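Undergrad: sequence plus predicted model, see below.
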Amino acid sequence: MSDIETLRRILATNRTIAVVGLSADWYRPSYFAARYMQEHGYRIIPVNPKYPEILGERCYASLGDIPEKVDMVDVFRRTEDVLPIARQAIEIGAKTLWQQLGVLNLEADRLAREAGLDSVMDRCVKIEHARLFGGLNWAGVNTKVISARRPRWLAY
């Protein structure tokens, strides 16, 4: 789902985000997006077997290894890698499966929705947060939200 109110609700209620495919390299989009969300009050849990720690947080090899409740699974992997991640997201009781820009696995989307999860495809969690909660400022970025009113509530 990608309507504004749904995205706003997801970002306001999903405060713990497992980022699958998070890189420890500061110049990678996954690192940039996760750091932004962390700086805006979200709990980031890195999922990447390559690293012991990213952004000051212990890194896990898979979603099933995470010992705490996860609200959102944010996927920075190739489209063909998403289906098993969606199955794991369902198994751990996540509320949302979020496929990043350029990632559109329709079968994973269907599976997540049938299991009762919110599902977002081909969108960046950082860009959507900034667009919907005022983080883009007046820098000339087209937010596609035309309103002089601030949102009724903020996510943080």
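TA: Alright, I've got the coordinates. Numbering: from 1, shown residues only.

Undergrad: report all helices and strands that the least confident helix or strand in the chain by mean pLDDT contacts.
TA: Ranked by mean pLDDT, DSSP states H and E, the helix or strand of the chain with the weakest confidence is helix 125-132, at a mean of 93. Using 3 or more Cβ pairs under 8 Å, 6 or more residues apart in numbering; DSSP states H and E as the contact test, the elements touching helix 125-132 are helix 4-13, helix 29-39. Where C-beta positions appear, they are placed from N, C-alpha and C, glycine not excepted.

Undergrad: any stretches of the protein with poor pLDDT?
TA: By pLDDT under 70, the low-scoring segments of the chain are 1-2, 135-156.

Undergrad: give me the most central residue, it.
TA: D74 (3.5 Å; Cα atoms, centre = their mean).

Undergrad: and D71, how many neighbours?
TA: When neighbours are counted by other Cβ atoms under 10 Å, D71 registers 18.

Undergrad: residue contacts, the nearest residue to it once chain neighbours are set aside?
TA: Ranked by Cβ to Cβ, 6 or more residues apart in numbering and with sequence neighbours excluded, the top spatial neighbour of D71 is N14, at 3.8 Å. Shown in contact with N14 (Cβ atoms under 8 Å, 6 or more residues apart in numbering): 71-72, 95-96.

Undergrad: now swap in L83 and tell me
TA: Here L83 is in contact with 105, 107-108, 111 (Cβ under 8 Å, 6+ apart).

Undergrad: what about G93, how many residues nearby?
TA: Neighbourhood size, G93 [other Cβ under 10 Å]: 11.

Undergrad: would you mind confirming that it is in contact with K69?
TA: Yes - with contact defined as Cβ atoms under 8 Å, G93 reaches K69; the gap is 7.1 Å.

Undergrad: my guess is the residue nearest to the centre of the chain is in a strand, correct?
TA: Yes - counting by DSSP: H, G, I helix; E, B strand; the rest coil, D74 is found in a strand.
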